[in-house]
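Chemist: Model the following, please.
(chains A and B)
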2 protein chains.
Amino acid sequence: MATAVVTQESLLDGTVLDTGLKVRLAARDNKHTKSTSGLAPKYLQANLIVLPSRYASDFRDFCTRNPVPCPLLAESKAPGDYGQLKSYLKISAENVASSLDIRTDCPRFNVYRDSKLQEAAVPDIMNHWTEDHVAFLIGCSYSFETALTAAGLPPRHTMLNRNVPMYRTSIPLNPSGVFSGGTYVVSMRPYKKADLDRVRAITRRYLPTHGECIAWGWDALERLGIKDVDSPQWGDAPMTMDGRPLGAVAGDEDNVPVFWGCGVTPQEAVMRTSLQGTVMAHSPGCMLVLDCLEDDVLES
Amino acid sequence: MATAVVTQESLLDGTVLDTGLKVRLAARDNKHTKSTSGLAPKYLQANLIVLPSRYASDFRDFCTRNPVPCPLLAESKAPGDYGQLKSYLKISAENVASSLDIRTDCPRFNVYRDSKLQEAAVPDIMNHWTEDHVAFLIGCSYSFETALTAAGLPPRHTMLNRNVPMYRTSIPLNPSGVFSGGTYVVSMRPYKKADLDRVRAITRRYLPTHGECIAWGWDALERLGIKDVDSPQWGDAPMTMDGRPLGAVAGDEDNVPVFWGCGVTPQEAVMRTSLQGTVMAHSPGCMLVLDCLEDDVLES
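Modeler: Residues are numbered from 1 along each chain as shown, chains lettered A, B, ... in the order given. The predicted structure follows:
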């Protein structure tokens, strides 16, 4: 059975990046400057969004009202606080991320000014962070991918060493204040029809990191308003195991598209809203790696 | 300015049903046997769904994944427990409902057997409740209606002494285990376009009782997949203040349809799923009235 390869990264000095703290410190010192995919296996990784405080309440409610695509894990303990968190997990804030500095601890950041990208893939946001900024940490689907792989159901894109395909859908998000008019972004992993029940059951337990798939089947494309499975808006186009575009086997029960809520959803909602001021986020793939484990967020 | 009439009900012995406990005790003794609308003003009212325990985990996750139409307030402390609750509110279980007997404390109940209605509007479920049943209490929109009325924005149907119109939509719910394939049910209240921002802001605070409206505007009908505003699936058809069907003024900015997630959603999802065994619910309108106040669930 094919299994996904976990790449174990070492720094030049021999340090193995096998815990959340080590990845954060390496990012802080600019010793690790790229994707966190595959780093610190089993440690929870998070999407980062930093907003001016006047948008914080609407955004918090927005996440609460859309927990599947926007699972809120934690936020700044108070506006301006880049080191201490308020946890929404059953894990105490100290155990989510110790010795944290949100301004430096993702490998790379994007900076937006008045809803326009101003700086891409910068090493830190020291010069942009202000006393008025609030950071939000949002769940990421790396968690359930590890579980699927462990169960002998590795996601297709990991076996092909590609990025997961992500699609904009027509499914509306529940609005909250300034954040209205957005739609779900979904990630897609093809599976055999015969494996769907197991795939659903395995991911169901990861409630705070998107949880169970939200749609499956070739007919789900139309229900989600996805016009072309071979043209995702983010990530790489999906393939069959023998290298054809997935659309070439439309209807095939060994290649059933399965869709999950995706952490790009809140970023997309934020970027589509005309926010004034400076908004910051991790650079795609360069997540904030936490101290808690993926299995710590499992439903018992 | 028109205001909604709150009917204060007294029993034959003169008892005024002005608290949750008094309503529950009157329901238990079959002294109050009809709708709880307008009773015990400011007390939180809840939808009731009772399921065999094997469906409890899927249903709990289903509510967690769809908090806007299915806001879970509390559930049985353990299977078979009809008196003690586990609270999902920031209020302790003892303060949600004291001296509770779920088997008797709604004015009327419906009983379903293998997903078919078996008995309608029965006074209690003593003979159907088993050690294997789990009760779920789900938020209800009476809460934010009180707040809208207090702000001088009484819902249209209350002014016309009608039931709120409710519609099935095409917006998919996030599935969870056996509960898949369901869609949002929404309630609708027309407002002036000029009042929309206030209506949104007032209801936004009621996060555990559906919260902010999810769609508004005449074009929202199509987005929600509602074919005919004058043909709701539940409740009474909406009217203009001068008694015409709302559809007769389509496009009018003084009669803009505004839609909220509706507590019929989880009942509809349960009834559309082929569940084996005995399922119970309150009879429509005959809610479980709690000890906590609507304002106790407000976001601070």
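Chemist: Need the residues that contact stretch A:17-26.
Modeler: Identification of contacts with stretch A:17-26 by Cβ atoms under 8 Å, 6 or more residues apart in numbering or on different chains yields A:8-11, A:15-16, A:32, A:36, A:39-41, A:43-44, A:97-100, A:105, A:107, A:288-292. All C-beta spots, glycine's among them, are computed from the backbone N, C-alpha and C.
Chemist: Run the contact check for the lowest-mean-pLDDT helix or strand in chain A versus chain B.
Modeler: Least confident helix or strand, chain A: helix A:142-150 with a mean of 88, by mean pLDDT, DSSP states H and E. No - Helix A:142-150 does not reach chain B (Cβ under 8 Å from any Cβ of the partner chain); its nearest approach is 14.1 Å.
Chemist: And that helix, what's buried?
Modeler: Using 16 or more other Cβ atoms under 10 Å in any protein chain shown as the test for burial, helix A:142-150 gives A:142-149.
Chemist: Nearest to chain B among those residues?
Modeler: Closest approach to chain B among the buried residues of helix A:142-150 (Cβ to the nearest Cβ): A:Phe144, at 14.1 Å.
Chemist: Can you name the residues that contact the closest one?
Modeler: A:Phe144 makes contact with A:202-203, A:206, A:209-211, A:260, according to Cβ under 8 Å, 6+ apart.
Chemist: If we use 10 Å, what do you get?
Modeler: Listed by Cβ atoms under 10 Å, 6 or more residues apart in numbering or on different chains, the contact set of A:Phe144 reads A:155, A:189, A:199, A:202-206, A:209-213, A:260, A:294.
Chemist: repeat for A:Ile49
Modeler: Contacts of A:Ile49 (Cβ under 10 Å, 6+ apart): A:55, A:59, A:63, A:70, A:72, A:75, A:134-138, A:263, A:266-267, A:269-271, A:279-282.
Chemist: Pull the number of nearby residues for the residue of the stretch 201-300 of chain A found nearest chain B.
Modeler: Here the residue of the stretch 201-300 of chain A nearest chain B is A:Ile214; by Cβ to the nearest Cβ that distance is 5.3 Å. Residues lying near A:Ile214 (other Cβ atoms under 10 Å in any protein chain shown) number 26.
Chemist: That one reaches A:Arg204, doesn't it?
Modeler: No - proximity of A:Ile214 to A:Arg204 does not meet the contact threshold set by Cβ atoms under 10 Å, at 11.4 Å.
Chemist: Touching both of these two, which residues are there?
Modeler: Residues touching both A:Ile214 and A:Arg204 by Cβ under 10 Å, 6+ apart: B:65, B:175-176.
Chemist: residue ranges of the helices in the stretch 151-300 of chain A, please?
Modeler: Remark: helices assigned in the stretch 151-300 of chain A by DSSP state H, counting those that start in this stretch are A:156-159, A:196-204, A:220-224, A:264-272.
Chemist: Could you dump these into JSON lines and include mean pLDDT and mean neighbour count?
Modeler: Below are the helices of the stretch 151-300 of chain A laid out as JSON lines (pLDDT from 0 to 100; neighbours: other Cβ atoms under 10 Å in any protein chain shown):
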{"stretch": "helix A:156-159", "mean pLDDT": "93", "mean neighbour count": "20"}
{"stretch": "helix A:196-204", "mean pLDDT": "96", "mean neighbour count": "17"}
{"stretch": "helix A:220-224", "mean pLDDT": "97", "mean neighbour count": "17"}
{"stretch": "helix A:264-272", "mean pLDDT": "91", "mean neighbour count": "23"}
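Chemist: Low-confidence regions, the stretch 201-300 of chain A specifically.
Modeler: Low-confidence regions of the stretch 201-300 of chain A, defined by pLDDT under 70, span residues A:299-300.
Chemist: how about the residues of it near chain B?
Modeler: Contact residues (Cβ under 10 Å from any Cβ of the partner chain) of the stretch 201-300 of chain A with chain B: A:201, A:204-205, A:207-208, A:210-216, A:220, A:223-224, A:261, A:299.
Chemist: In strands, which of the residues you listed appear?
Modeler: Using DSSP state E, the subset of those located in strands is A:215-216, A:261.
Chemist: and the residue of the stretch 151-300 of chain A found nearest chain B, how many neighbours?
Modeler: Relative to chain B, the nearest point of the stretch 151-300 of chain A is A:Asn174 (4.7 Å; Cβ to the nearest Cβ). Neighbour count for A:Asn174, taken as other Cβ under 10 Å: 27.
Chemist: before we move on, the earlier item: and the helices of the stretch 151-300 of chain A as a markdown table, adding distance to A:Thr183?
Modeler: Shown next, in a markdown table, are the helices of the stretch 151-300 of chain A (distance: least, Cβ to Cβ, whole Å):
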| stretch | distance to A:Thr183 |
| --- | --- |
| helix A:156-159 | 23 |
| helix A:196-204 | 21 |
| helix A:220-224 | 9 |
| helix A:264-272 | 8 |
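Chemist: Which one of those lies nearest to A:Val185?
Modeler: Nearest of the helices of the stretch 151-300 of chain A to A:Val185, taken as Cβ to Cβ: helix A:264-272 at 4.4 Å.
Chemist: Which neighbouring elements make contact with the closest one?
Modeler: If contacts are counted by 3 or more Cβ pairs under 10 Å, 6 or more residues apart in numbering or on different chains; DSSP states H and E, helix A:264-272 sits against strand A:43-52, helix A:56-65, strand A:109-113, strand A:133-138, strand A:166-172, strand A:183-191, strand A:278-282.
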